[in-house]
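Student: this is the structure alone, sequence omitted:
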């Protein structure tokens with residue numbers, strides 16, 4: 001594909017996938033991938049609940065989305081920014097690169113790690129972190 005064709009195709013595929021997640025509830029029906037950590041180890045990975053949360057966000061149910069995954073807004077913000085920078089050539093600008101300072105990267109890794117551990121601990125006060 002020439003002249004941004006790959007970017008247009010990626011944008012179209014993402015729009016289609018987002019529309020599918022918005023219309024077809026991942027909680028009960030549809031064709032969705034299984035989470036390997038849930039399938040193999042019966043634990044929530046940091047992204048578990050992301051599809052259900054995105055479905056709820058697309059329907060305007062912010063509280064329910066956060067109930068599936070508290071980190072979802074951060075994940076979506078970083079993904080959206082990276083995508084926007086990559087798509088800049090479609091509007092005649094050079095593609096950008098998402099770069100974070102080392103301290104921010106290390107902080108994000110620490111938060112995601114702590115979140116993953118906490119959401120899988122069998123403690124009643126932490127049950128709200130689980131994806132279910």
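Tutor: That came through, no problem. The structure displayed is predicted, hence computed values, not measured ones.
Student: what's the helix or strand for the nearest residue to residue 88 once chain neighbours are set aside?
Tutor: Using CB to CB, 6 or more residues apart in numbering and skipping the chain neighbours, the partner closest in space to residue 88 is residue 95 (5.3 Å). (C-beta placed from N, C-alpha, C; glycine too.) When elements are assigned from DSSP states H and E, residue 95 belongs to no helix and no strand.
Student: ramachandran coordinates for residue 95?
Tutor: Per-residue torsions, residue 95: phi -60, psi 140 (degrees, to the nearest 10).
Student: could you do the one 3 residues further on as well?
Tutor: Backbone torsions for residue 98, taken as degrees, to the nearest 10, come to phi -80, psi 120.
Student: check it and give its pLDDT.
Tutor: Looking at residue 98, its pLDDT is 86.
Student: tell me the spacing between the closest residue to it other than its chain neighbours and residue 100.
Tutor: Leaving aside its sequence neighbours, residue 98 sits nearest to residue 82 (CB to CB, 6+ apart; 4.6 Å). As judged by CB to CB, to the nearest Å, residue 82 and residue 100 stand 11 Å apart.
Student: what ranges does the protein have for its helices?
Tutor: 5-23, 36-41, 50-58, 62-68, 72-87, 102-120 (DSSP state H).
Student: off-centre distance for the fourth one?
Tutor: Taking CA atoms, centre = their mean, to the nearest Å, one finds helix 62-68 lying 13 Å from the centre of the chain it belongs to.
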